[in-house]
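Coordinates only, no sequence provided:
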DNA sequence: GCCGCCTATCGCTGGATGTGATTGCCGCCT
DNA sequence: AGGCGGCAATCACATCCAGCGATAGGCGGC
């Protein structure tokens, strides 16, 4: 049993047929058949049930499949590990919350791109949940997400502490005024956004009912929307000032317990840490002081 | 790059030479050389430095080695997973503390051997540290050890709660008398024993100084030694009675905080749980009530 | 300078791997 | 019912590469 056998096996299992697998593997059906039979002989177990529309995994096949996938992943990772001689290069795919990207990573990314021109950086944004899912699926080397996170396969390191503030139109003078409002609208980035949940909790705890929600895909749109008096939102306080002009929205401080949130960098415990990632985290850790919250 | 390439690579790395590797792999040196060169071409990296007495890993080779080992392990595990059709059979290697084996596992093992005659059970005893090391090295599928244990790669499940008692010669009537004794001797199983450390802590906290230690390799020897008046020991209270005759030693109850200890079953999080192990834990969980502490 | 131990290289061979054609099975459509 | 399309199994054949044995060449110790 060797890696290429498992590659053939996995393709057949995934596509549900030897013809289809042969097409994908750029070979012929007879070859695929022969290799599967060979593998079955080797393991002394039937891996597929053959039926007229293709094949289906047997119980034994189902047990083998995760190993086939894991071995393929490992070999892939091994190749990258060997190539990686300590000087960052190649591809670096990381994820981040939209807010963290805007607030913290912009200077880091530009500095990184300048320092390590051989690296092709891909920064993808999403919600904490989405990002964690991508990291677990090994499509991202790691991601900046909203804490707390607990998962046995993930290693978390605290990188930033954010102070969240309630942003309202300038006409709302106090928090009490916000909580007393009827038909309050909250403006959030997207459905699964970590801050949205927190904002709803805060308002519900104050007895606010009948919330309306607006979803906008970009921070700029949210900001504009709040400034125009359409609703309120919850965002890192430090975004105001360095990123957007002051004065167009009113910033309400929250009690420490509700306003403090940690930004964690998560990555798979068992995954290889490329030099490119290592260098990125190194830079991120010394993020410029001007972006630090007051 | 394929699994057999990595096997050759790992052998060369381990043995430090292509000739030696060829001998171990039952092939010829030219073949090993060719395959290593092939692998190096494939990865576009030099894996070994050749010198006159053999070869040595380069930095790239050192990076590859752990993957080679992991892939070999995975393939091995895959074979076992495929073979394992749900009915326990094959080999089952588990570890246990001496005391847990004597107190808890004896009936489980006999019942297990009767229920699943196709399994070859190997029970190895050792200290918590030793057992954990063996489990991590995949030489044991799991082990019963003394809690608490914290390791990211291990999954722990609490299986028993033991009450530890101080065993002394019958002549020692009270705990105070024990603590007041001069030149107190403690009798322990072996150097790394979990209970030994706990016993020393208990005594030190009571101000006992000048401890002498005796190490005996078997529980029976320890028991005999205490009965003969040579020293005191700390063992699960439930051992007295079901396993050894009462009356020959005096059993001193300890405060709950010091006397309670958990027995955990630990296994590698990422390892395959064989049907044989599964069935064993199933049996162990319903361990006979007569062995339960009072 | 020779010997022992090591790796590199070469030509050869056999078996494993891949190919293309054919057969036979099953379900679906006509 | 019969033909058709999609599928896997099988076979004979081609190809290729892993493994073999022999030899060359490098290095250090005796």
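Everything's here; your move. Because the structure is predicted, anything quoted here is derived from the model rather than measured.

neighbouring contacts of stretch A:213-221?
Residues from elsewhere that reach stretch A:213-221 (CB atoms under 8 Å, 6 or more residues apart in numbering or on different chains): A:98-99, A:102, A:185-191, A:196, A:222, A:225, A:230-231, A:235, A:239, A:243. Bear in mind the C-beta positions are built from the backbone N, C-alpha and C, glycine included.

Put the buried members of those into a PyMOL selection.
Selection of buried members from the contacts of stretch A:213-221 for PyMOL, criterion 16 or more other CB atoms under 10 Å in any protein chain shown:
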select buried, chain A and resi 98+99+102+185+186+187+188+189+196+222+225+231+235+239+243
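
residues near residue A:207, how many?
8 (other CB atoms under 10 Å in any protein chain shown).

Was I right to think residue A:2 contacts residue B:1?
No - applying CB atoms under 8 Å as the test, residue A:2 and residue B:1 come out as separate, 10.5 Å apart.

more crowded one of those two?
Taking neighbours as other CB under 10 Å, residue A:2 and residue B:1 compare with residue B:1 leading, 20 against 17.

rewinding a little: which of the contacts of stretch A:213-221 fall within strands?
A:185, A:186, A:187, A:188, A:235 (DSSP state E).

How about the contacts made by the first one?
Residue A:185 makes contacts with A:211, A:212, A:213, A:214, A:230, A:231, A:232, as judged by CB under 8 Å, 6+ apart.

wait, which of these is closest to residue B:274?
Closest approach between the contacts of residue A:185 and residue B:274, by CB to CB: residue A:213, at 50.3 Å.

ok, what's across the strand from that closest one?
Following DSSP bridges, residue A:213 is listed with bridge partners residue A:186.

What about it, how many residues nearby?
Other residues close to residue A:213 by other CB under 10 Å number 13.

mind checking how far it is from residue A:184?
10 Å (CB to CB, to the nearest Å).

and if you look at residue A:212?
Remark: distance between residue A:212 and residue A:184 (CB to CB) = 7 Å.

Which of these two has more residues huddled nearby?
The residue with more neighbours, out of residue A:212 and residue A:184, is residue A:184; 18 against 11, by other CB under 10 Å.

In contact with that one, which residues?
Contacts of residue A:184 (CB under 8 Å, 6+ apart): A:178, A:203, A:208, A:210, A:211, A:212, A:231, A:232.

buried subset of these?
By neighbour count, with 16+ other CB under 10 Å, the contacts of residue A:184 hold A:178, A:203, A:208, A:231, A:232 as buried.

which of these lies closest to chain B?
residue A:203 (38.0 Å; CB to the nearest CB).

In stretch A:259-277, which residues are buried?
Result for stretch A:259-277 [16+ other CB under 10 Å]: buried residues A:259, A:261, A:263-268, A:270-272, A:274-277.

Let me see the mean pLDDT of that stretch.
Stretch A:259-277 carries an average pLDDT of 91.

from the buried ones among the contacts of residue A:184, which are also near DNA strand C?
Among the buried ones among the contacts of residue A:184, none lies close to DNA strand C by the criterion of CB under 7 Å from any atom of the strand.

farthest-separated two in these?
Of all pairs in these, the most separated under CB to CB is A:208 and A:231 at 12.4 Å.

what about residue A:282, how many neighbours?
For residue A:282, using other CB under 10 Å, the count is 12.

Could you look up the SS state of it?
Assigned with DSSP: H, G, I helix; E, B strand; the rest coil, residue A:282 falls in the helix class.

Residue A:91 now?
Applying three-state DSSP: residue A:91 is strand.

is it in a bridge, and if so with what?
Here residue A:91, judged by DSSP bridges, has bridge partners residue A:120.

Can you tell me how far whichever residue of the stretch 101-250 of chain A sits closest to DNA strand D is from residue A:16?
Residue of the stretch 101-250 of chain A nearest DNA strand D, by CB to the nearest atom of the strand: residue A:137 (27.3 Å). Using CB to CB, one gets 21 Å for the distance from residue A:137 to residue A:16.

Which of these two has more residues huddled nearby?
Neighbour tally, residue A:137 and residue A:16, criterion other CB under 10 Å: the higher count belongs to residue A:16, 14 against 9.

Can you tell me, leaving aside adjacent residues, what's nearest to the more buried one?
Leaving aside its sequence neighbours, residue A:16 sits nearest to residue A:54 (CB to CB, 6 or more residues apart in numbering or on different chains; 4.7 Å).

Dihedrals phi and psi, that neighbour?
Torsion angles at residue A:54 (phi, psi; degrees, to the nearest 10) stand at phi 140, psi -150.

now do residue A:181
phi -60, psi 140.

related to what we said a few turns ago, could you dump the ones in strands among the contacts of stretch A:213-221 to CSV with distance to residue B:70?
What follows is the ones in strands among the contacts of stretch A:213-221, written out as CSV (distance: CB to CB, whole Å):
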residue, distance to residue B:70
A:185, 53
A:186, 48
A:187, 48
A:188, 43
A:235, 43
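
Now compare those residues and name the two farthest from each other.
Going by CB to CB, the pair spanning these furthest: A:185 and A:235, at 15.2 Å.

Distance of residue A:111 relative to residue A:278?
15 Å.

Apologies, that question was intended for residue A:87.
If you go by CB to CB, the gap between residue A:87 and residue A:278 works out to 11 Å.

What strand or helix carries the nearest residue to residue A:78 once chain neighbours are set aside?
With sequence-adjacent residues excluded and distances taken as CB to CB, 6+ apart, residue A:78 is closest to residue B:67, at 3.5 Å. Per DSSP states H and E: residue B:67 is located in helix B:59-83.
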